[in-house]
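Participant: Generate coordinates for the sequence data below:
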Amino acid sequence: QVQLVESGGGLVQAGGSLRLSCAASGRTISIYTMGWFRQAPGKEREFVAAIAWSGGRIYYANSVKGRFTISRDKAKNTVYLQMNSLNPEDTAVYYCARGSTGWSIQPRDFGSWGQGTQVTVSS
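Facilitator: Have a look, this model is predicted:
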C-alpha cells in the first residue's frame, strides 16, 4: 500500500505562488498516473492536473491551465504542483492521488489519496 503525504500549502496573497509536494512511501509511484485534486468549502472535489507515469502526458483543468504546472521526480518518488498567479478561487484543500498504470483522469480511477494540504489565497 502506498502512502501519500502532501506539503507546501499555506496562506498567500492573490497573484502569489506556492509549490505543493506529494511524497510517496511504501510503494513506488513511478508506473502510475498521478493527479492533483482540490475541494473548496461546500463544493465537490474537482480535478486539477494529472501526469502520466512517463511524464509524457499531462492534462490540466481549464481553470488552472497556464498557471499551474505538474511534474514528477521518479527518483524521489514525489509529485509536484507549481501554482502561480493564484487567486481566491484557488482556495481549497489540495489532494494528491495515485491513479492507474494507464491514463485516466476520472476520480474513480484514483485509488490512493493523501490527507490534503490547505491552500488559502487572500484578495
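Participant: Just the pLDDT for the nearest residue to residue 100 once chain neighbours are set aside.
Facilitator: Once flanking residues are discounted, residue 100 sits nearest to residue 109: 5.1 Å by CB to CB, 6 or more residues apart in numbering. C-betas here are computed from N, CA, C, even on glycine. Here the pLDDT value assigned to residue 109 is 92.
Participant: Tell me what the residue most central in space within the chain is bridged to.
Facilitator: The chain has residue 36 as the residue nearest its centroid, 2.3 Å off, counting by CA atoms, centre = their mean. Note on residue 36: beta-bridge partners by DSSP bridges are residue 49, residue 96.
Participant: Check the gap between it and residue 98 for me.
Facilitator: 11 Å (CB to CB, to the nearest Å).
Participant: Equivalent analysis for residue 81, please.
Facilitator: Distance from residue 81 to residue 98, by CB to CB: 14 Å.
Participant: same deal with residue 49?
Facilitator: Taking CB to CB, one finds residue 49 at 14 Å from residue 98.
Participant: Neighbour count for those two, which is higher?
Facilitator: More neighbours surround residue 49 than the other of residue 49 and residue 98, with 24 against 21 (other CB atoms under 10 Å).
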